[in-house]
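Chemist: okay, here's the prediction I keep looking at, along with the sequence it came from:
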Amino acid sequence: MIRQLQTTTKFYAHTRDEAEEEITKMINESEGTVVKQNIVSKNHKDFGDYYEAQVTEEFARSKEIVEAGFLA
């Protein structure tokens with residue numbers, strides 16, 4: 001049996017507010033628990049500032065799965 005434990009989503013945003021709004025939306029709609037969130041400001045020499053955000057969701061820990069009897 002294979003169960004997904006974590007997923008990481010990385011996305012681009014024009015503004016920090018836009019990135020924060022998307023992270024809040026992801027937290028509210030998550031099927032698991034958001035264990036990490038990060039927003040990094042970057043600068044492009046021709047196009048200016050932009051933001052990269054990363055969100056890590058955790059669905060289960062392998063120890064919890066084994067203890068619950070899902071794996072034999």
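Modeler: Noted; the coordinates are in hand. Numbering: from 1, shown residues only.
Chemist: any regions of this structure where pLDDT drops low?
Modeler: For the chain, residues meeting the criterion pLDDT under 70 lie at 1, 70-72.
Chemist: and the helices in it?
Modeler: With DSSP state H as the definition, the chain shows helices at residue ranges 16-29, 62-67.
Chemist: which neighbouring elements make contact with the first one?
Modeler: Using 3 or more CB pairs under 8 Å, 6 or more residues apart in numbering; DSSP states H and E as the contact criterion, the secondary-structure elements in contact with helix 16-29 are strand 6-13, strand 33-44, strand 48-58. Glycine gets a C-beta too; all of them are placed from N, C-alpha and C.
Chemist: nearest to E64, out of these?
Modeler: Among these, the nearest to E64 by CB to CB is strand 48-58 (10.3 Å).
Chemist: could you report the separation of the spatially most central residue of the chain from L5?
Modeler: Residue closest to the mean C-alpha point of the chain, counted by CA atoms, centre = their mean, is V55 at 1.9 Å. Relative to L5, V55 is positioned 15 Å away (CB to CB, to the nearest Å).
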